[in-house]
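> Provided below for reference: sequence and predicted model.
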Amino acid sequence: MSSPVLWYATRATGLMSLVLLTATTLLGVITANRATSARWPGFSLQDLHRRLSVLALAFLAGHILTSVVDTYVNIGWTSIVVPLASSYKRVWVALGSIGIDLLLAVAVTSFLRHKIRARTWRAVHWLAYLSWPAALSHAFGMGTDMRQGWVIVLSALCVAVVAGAGLWRLAVSTSRRRNALTLIPVHHRPDGVPVKPLSA
Amino acid sequence: MATATTDSTITTDRAVPGDRSTLLGGWRARHRADLASHLAHHGAPPLPRPGDHAWPPRLAAAVEASGLTGRGGASFPSVTKLRLLASAPGRRTVVVNGMEGEPASAKDKTLLRCAPHLVLDGAELAACAVGASRIVVCVADGDHHSADAVVRAVAERAGTALAPVTVEVKRPPGRYVAGEESALVSWLDGGPAAPGWRPDKGHSLTIGRRATLVHNTETLAHLALVARYGPESFRSRGVPDAPGTTLVTVTGAVEHAGVYEVAMGRSLGDIVHGARPTDEVAAVLTGGFGGSWVPAAALATPYAPGPLAAVGGVVGAGVLVVLARRACGIAETARVARYMAGESAGQCGPCVFGLPAVADDLGQLWRGTVDGGVLARLEARLTAVDGRGACRHPDGVARMARSALRVFTADAAAHASGRPCAFARQPSVLPATVGAIKAGTT
Amino acid sequence: MSTVIKVNPVACTAYGYCAELLPELVTLDEWGYPIVERGAVPPHLVELARRAAKDCPRRAFLLRQAATEVGSST
């Protein structure tokens, strides 16, 4: 089936996903950095982060479905999650697939958050940052609306917000780890045997 | 200043008759570490014949009648642990806790080096009583002396009727909290030697799927004596509420620092004076670094859990650190607090952040920085860390620091007003690791 | 049966959502970790306590059922 409606839907849902994922990322960084206050409490920002991420995934699903169902271009069902399986704009679609794979991993681990180890959940969640270069290059490469002024501005804004949030996250995360470790003072045994850590 | 080093001489309290039914009885500086001497002195341990199902409850009854309580610090009735494990499903393990992470304590090392066979007897008896198929002796990785002695003793018994249950020797990291029951079990199970959070202690610890009984070395040595000589022999010493003898490590401002076997209920003063204090005694740190200070005025108190608690002391790990009149209790307390902060497992916020903060306040007090609010802040922080970790480490620090503020009230007030006592710069009487801490670093 | 709050101190990393949701029962110490009032959770706060337990990112805020203490008997 082919129709201009599907084509517009693909592009519109794609842009909406971009905006929603930007907001999701920003909220995630705010809560992770503990930059909350009495007026903007952590529990509600985290709740918003979760709900927006679900909404973003919903729009993303719409984006994928409309593009695959549209027979005007040949993007097979497998290419949703398998990179380089599409015959249409192979590389750019592949980047989109990579983005989806990463976000799926984040979604699944978050759904099962308390059944898996905290470290595993956190490691996969940090992978979400990797989905950004994949998704953004996918957007620029697919090209359709990238010549429009307002789309360029919107995309640039999203990139700026995500890049800024990412850097902010990195800064706070490394400084907190450094601070916590310095708190436990090191003492030396007189026989020179170094004090061993508690892990085997 | 005398400190109990890793090679302290063992001394028996003159008041404990030097006979075979005590841990260190008749010692006379001759080691009884080899199997032949041990058997000549004590005879064979009364291990059960295979298939004797009446034996385990009999042993449990004997332990119960003796009133033996744990000598690892908690003073928990030993029979309760035995019965809990005997009723646990599946395979079982007995762990001998010879870690002795408390720097001021040397009793477990002493037992392992000089009477390893008594400890192993106790472990085998306990294993038979709970149906365990495995015994693991844990010795700190830095404690080669004790480990060598145990390994030698295990080799002497291996394959004989004295070792119905196989014994392994393991070497966990020698950190303060690593000797805590759940930390030890965690390490043996392949995890870090950090205590676990145990909101309800009803369930037994497990390694893999094996229910595990952890006992202190001294407790097991006493168990071996009770099994041989009977509960009445154990009860013939000590006092009704705290029967038996116990090992005490006396260090600090004394000439004869070392490990003493004393009858429970003996006065604190007698025990301390038996080690010959070098100066008039001002206070004694009882129980260990997580224990509490007792003023000299309370030296007449019987050394037993109940009476000691009534004067703010604690039996704990059987440690007594003597502070002389011409010394600074605040300085020693600050050193201990800084050491304990460094020994945090690093798992719980109130401990990781709170203990260094407490150490900072005590350090400030020690240096004599004028600060009207430091005592109140310290009190508040001690309340904040107490009971808010997964294990009792912060609780111990809170108890120790609070007792210091109680016992050294005048000194604390003087230090806080910028007039530290004349002895604040004295060298420490604490073990070297801790004694080396300087006022500037806290 | 009454509801009791238990905080797993090893899991807790001071997010503070519990204190935001249940200020009546939870205060934060100077380092951001929760100090919870002892005793049973008052019935009108149980719903909020459940929310706090669900929202804790580290599942450190836990609710347990405890037998209600009877005043003078036994």
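Great, that's in hand.

> looking at B:Val150 now. What's its pLDDT?
pLDDT for B:Val150: 96.

> repeat for B:Ala40
pLDDT, read off for B:Ala40, is 85.

> roughly how far does it sit from B:Asp34?
B:Ala40 sits at a distance of 10 Å from B:Asp34 (criterion: CB to CB, to the nearest Å). In this view, the C-beta of every residue, glycine as well, is placed from N, C-alpha and C.

> so which elements touch the helix or strand of chain C with the lowest mean pLDDT?
Within chain C, no helix or strand scores below strand C:61-66, which has a mean of 93 by mean pLDDT, DSSP states H and E. For strand C:61-66, the packing partners by 3 or more CB pairs under 8 Å, 6 or more residues apart in numbering or on different chains; DSSP states H and E come out as strand C:2-7, helix C:46-55.

> neighbouring contacts of it?
Residues from elsewhere that reach strand C:61-66 (CB atoms under 8 Å, 6 or more residues apart in numbering or on different chains): B:199, C:1-8, C:12, C:18, C:34, C:40-41, C:49-50, C:52-53.

> quick one, what contacts B:Ser182?
B:195-196, B:198, B:205, B:391.

> any idea how far B:Glu156 is from B:Ile135?
15 Å.

> and the two? Which one has more around it.
It is B:Ile135, of B:Glu156 and B:Ile135, that has more neighbours when counted by other CB atoms under 10 Å in any protein chain shown, with 24 against 19.

> what about the more buried one, which SS state?
strand (DSSP: H, G, I helix; E, B strand; the rest coil).

> distance check, it against B:Ala44.
18 Å.

> so which strand or helix has the closest residue to B:Leu405 other than its chain neighbours?
Spatial nearest neighbour of B:Leu405, excluding adjacent residues (CB to CB, 6 or more residues apart in numbering or on different chains): B:Ala412 at 5.5 Å. Take DSSP states H and E as the rule and B:Ala412 turns out to sit in helix B:409-416.

> turn the helices and strands packed on strand C:61-66 into CSV, columns for mean neighbour count and distance to chain A.
CSV is the format used below for these (neighbours: other CB atoms under 10 Å in any protein chain shown; distance: least, CB to the nearest CB, whole Å):
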stretch, mean neighbour count, distance to chain A
strand C:2-7, 18, 16
helix C:46-55, 17, 5
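
> dump these to a markdown table, plus mean pLDDT.
Formatted as a markdown table, those follow (pLDDT from 0 to 100):
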| stretch | mean pLDDT |
| --- | --- |
| strand C:2-7 | 95 |
| helix C:46-55 | 96 |
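
> tell me which of those lies nearest to chain B.
strand C:2-7 (5.5 Å; CB to the nearest CB).

> so for chain A, the centremost residue is which one?
Compute the mean C-alpha point of chain A, and by CA atoms, centre = their mean the closest residue is A:Ala128, 3.5 Å away.

> now that one: phi and psi?
When quoted as degrees, to the nearest 10, the phi and psi of A:Ala128 stand at phi -60, psi -30.

> mind telling me what element the closest residue to it other than its chain neighbours is part of?
Ranked by CB to CB, 6+ apart and with sequence neighbours excluded, the top spatial neighbour of A:Ala128 is A:Val106, at 4.9 Å. In this assignment (DSSP H and E), A:Val106 forms part of helix A:90-111.

> what residues sit buried inside that helix?
A:92-103, A:106, A:109-110 (16 or more other CB atoms under 10 Å in any protein chain shown).

> the helix or strand hosting B:Tyr260 pairs with which strands?
Assessed by DSSP H and E, B:Tyr260 sits inside strand B:258-263. Counting by DSSP bridges, the strands paired with strand B:258-263 are strand B:10-12 (parallel), strand B:245-252 (antiparallel).

> alpha carbons only: can I get the next helix or strand after it in CSV?
Downstream of strand B:258-263, the next assigned helix or strand under DSSP H and E is helix B:268-274. Once non-C-alpha atoms are left out, helix B:268-274 reads as follows in CSV (Å, rounded to 0.1, in the frame of the first residue of the first chain):
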residue,chain,number,x,y,z
LEU,B,268,37.9,-5.2,86.1
GLY,B,269,40.4,-3.7,88.4
ASP,B,270,42.0,-7.1,89.3
ILE,B,271,42.3,-7.9,85.6
VAL,B,272,43.9,-4.6,84.7
HIS,B,273,46.2,-4.6,87.7
GLY,B,274,47.3,-8.1,86.8
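
> roughly how far is the helix or strand following helix B:268-274 from the heart of the chain?
Next helix or strand after helix B:268-274 toward the C-terminus (DSSP H and E): strand B:281-286. Distance of strand B:281-286 from the chain centroid (CA atoms, centre = their mean, to the nearest Å) equals 17 Å.

> report the angle between strand B:281-286 and helix B:409-416.
If you take axes from the mean of the first three to the mean of the last three CA atoms, to 10 degrees, strand B:281-286 sits at 90 degrees to helix B:409-416.

> partners of strand B:281-286, with directions?
strand B:292-295 (antiparallel), strand B:319-324 (antiparallel).

> so which of the ones you listed is the most surrounded?
strand B:319-324 (a mean of 27; mean count of other CB atoms under 10 Å in any protein chain shown).

> helices and strands around the helix or strand that that one is followed by, which ones?
Counting by DSSP H and E, the element after strand B:319-324 in chain order, helix or strand, is helix B:329-342. Judged by 3+ CB pairs under 8 Å, 6+ apart, the packing partners of helix B:329-342 are strand B:281-286, strand B:319-324, helix B:349-367, helix B:393-407, helix B:409-416, helix B:432-435.

> rebuild the ones you listed as JSON lines, extending it with distance to A:Gly62.
Converted to JSON lines, the helices and strands packed on helix B:329-342 look like this (distance: least, CB to CB, whole Å):
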{"stretch": "strand B:281-286", "distance to A:Gly62": "70"}
{"stretch": "strand B:319-324", "distance to A:Gly62": "70"}
{"stretch": "helix B:349-367", "distance to A:Gly62": "43"}
{"stretch": "helix B:393-407", "distance to A:Gly62": "53"}
{"stretch": "helix B:409-416", "distance to A:Gly62": "68"}
{"stretch": "helix B:432-435", "distance to A:Gly62": "65"}
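
> export those as a markdown table, with columns for mean pLDDT.
Converted to a markdown table, those look like this (pLDDT from 0 to 100):
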| stretch | mean pLDDT |
| --- | --- |
| strand B:281-286 | 97 |
| strand B:319-324 | 96 |
| helix B:349-367 | 94 |
| helix B:393-407 | 97 |
| helix B:409-416 | 93 |
| helix B:432-435 | 86 |
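
> looking at those, which is nearest to A:Leu136?
helix B:349-367 (38.0 Å; CB to CB).

> convert that closest one to CSV, retaining C-alpha atoms only.
Coordinates of each C-alpha in helix B:349-367 appear next as CSV, following Å, rounded to 0.1, in the frame of the first residue of the first chain:
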residue,chain,number,x,y,z
GLY,B,349,25.6,6.5,53.2
PRO,B,350,25.4,7.3,56.9
CYS,B,351,28.5,5.3,57.6
VAL,B,352,30.5,6.4,54.5
PHE,B,353,29.7,10.1,55.2
GLY,B,354,28.9,10.1,58.9
LEU,B,355,32.0,8.3,60.3
PRO,B,356,34.5,10.7,58.6
ALA,B,357,32.4,13.6,59.8
VAL,B,358,32.5,12.3,63.3
ALA,B,359,36.2,11.7,63.0
ASP,B,360,36.6,15.3,61.8
ASP,B,361,34.7,16.7,64.8
LEU,B,362,36.7,14.6,67.2
GLY,B,363,39.9,15.6,65.5
GLN,B,364,38.9,19.2,65.9
LEU,B,365,38.3,18.6,69.5
TRP,B,366,41.6,16.9,69.9
ARG,B,367,43.5,19.8,68.3
